[in-house]
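Asker: mind folding the following:
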Amino acid sequence: NIAGEDLTAGDGSITVTDGTGATLVDTNVIVAADGITNAKVADNAIQTENILDGTVATADIADDAITNAKVADNAINTENITDGQVQTADIADDNVTPAKIQEGTPNQVLKTDATGAIVEWGTLDATNITGEDLTAGDGSITVTDGTGATLVDTNVIVAADGITNAKVADNAINTENITDGQVQTADI
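Answerer: Numbers count the residues shown, from 1 in each chain. Coordinates of the predicted model:
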């Protein structure tokens, strides 16, 4: 015989069922679908056990929120890296060893193009190396039969008048080294 009032949530976040004049009869209070909004949740109220496994989506994670400290050691594998994304800066200095370079054949070297970029394996020989002629700075020898003489078969010939007194060691000239009849009065 008392007119009760339904138990309600003014913002619609809960629903009251099974009660007319709910404050005076047995009543079920049920949270409405989508009734709990961000404003209703206290800071730090949601813990791991409150989150259904597998329900945190990519969109739920803020950009740049996953730092290196949050990634397990050895967690990133080749299949997790987009092709072509390992840059020169990502490789520590002196970290590429000969074992990490594709094998060639014996005596091959890595060839570069005009810009210095490595293009292929090749060989080193006189046809693809610009050499320097073997010379004597004082002109005492002449090099023939060789361009880039230090890289090809070369003949080294003493230049005419190339051996001077300063080049001959003391006691280096013996009788068999002197042509007959060449010792003059002035030489004695």
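Asker: and the residue nearest the centre of the chain, how far from G116?
Answerer: In the chain, the C-alpha nearest the mean C-alpha coordinate belongs to I91, at 3.1 Å (CA atoms, centre = their mean). For I91, the distance to G116 equals 17 Å [CB to CB, to the nearest Å]. Glycine gets a C-beta too; all of them are placed from N, C-alpha and C.
Asker: OK, contacts around T130?
Answerer: Listed by CB atoms under 8 Å, 6 or more residues apart in numbering, the contact set of T130 reads G148.
Asker: so is it in a helix, a strand, or just coil?
Answerer: coil (DSSP: H, G, I helix; E, B strand; the rest coil).
Asker: one more: E176?
Answerer: Going by three-state DSSP: E176 is helix.
Asker: that one: neighbouring residues, count only.
Answerer: A count of nearby residues for E176, using other CB atoms under 10 Å, gives 5.
Asker: pLDDT score for it?
Answerer: The model reports E176 with a pLDDT of 92.
Asker: E49 in helix, strand or coil?
Answerer: Going by three-state DSSP: E49 is helix.
Asker: do a quick rundown of the helices in this protein.
Answerer: Counting by DSSP state H, the chain has no helices to list.
Asker: low-confidence ranges in the protein?
Answerer: 126 (pLDDT under 70).
Asker: 80 instead?
Answerer: Within the chain, the segments meeting pLDDT under 80 span 1-10, 12, 15-27, 98, 102-107, 118-119, 123-155.
Asker: how long is stretch 109-123 end to end?
Answerer: Start-to-end span of stretch 109-123 (CA to CA, to the nearest Å) is 6 Å.
Asker: should've said stretch 130-148
Answerer: Stretch 130-148 has an end-to-end distance of 6 Å (CA to CA).
Asker: next one: stretch 155-171
Answerer: End-to-end span of stretch 155-171 (CA to CA): 28 Å.
Asker: can you give me the strands for this structure?
Answerer: Ranges of strands in the chain, per DSSP state E, are 14-17, 28-31, 108-112, 118-123, 141-144, 155-158.
Asker: which residues touch the third one?
Answerer: Under the contact criterion CB under 8 Å, 6+ apart, strand 108-112 has outside partners 101, 104, 118-124, 128.
Asker: okay, those in TSV with distance to I76 and neighbour count next?
Answerer: What follows is these, written out as TSV (distance: CB to CB, whole Å; neighbours: other CB atoms under 10 Å):
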residue	distance to I76	neighbour count
I101	23	11
G104	30	13
I118	26	10
V119	30	12
E120	31	10
W121	31	14
G122	35	13
T123	39	13
L124	39	12
N128	41	11
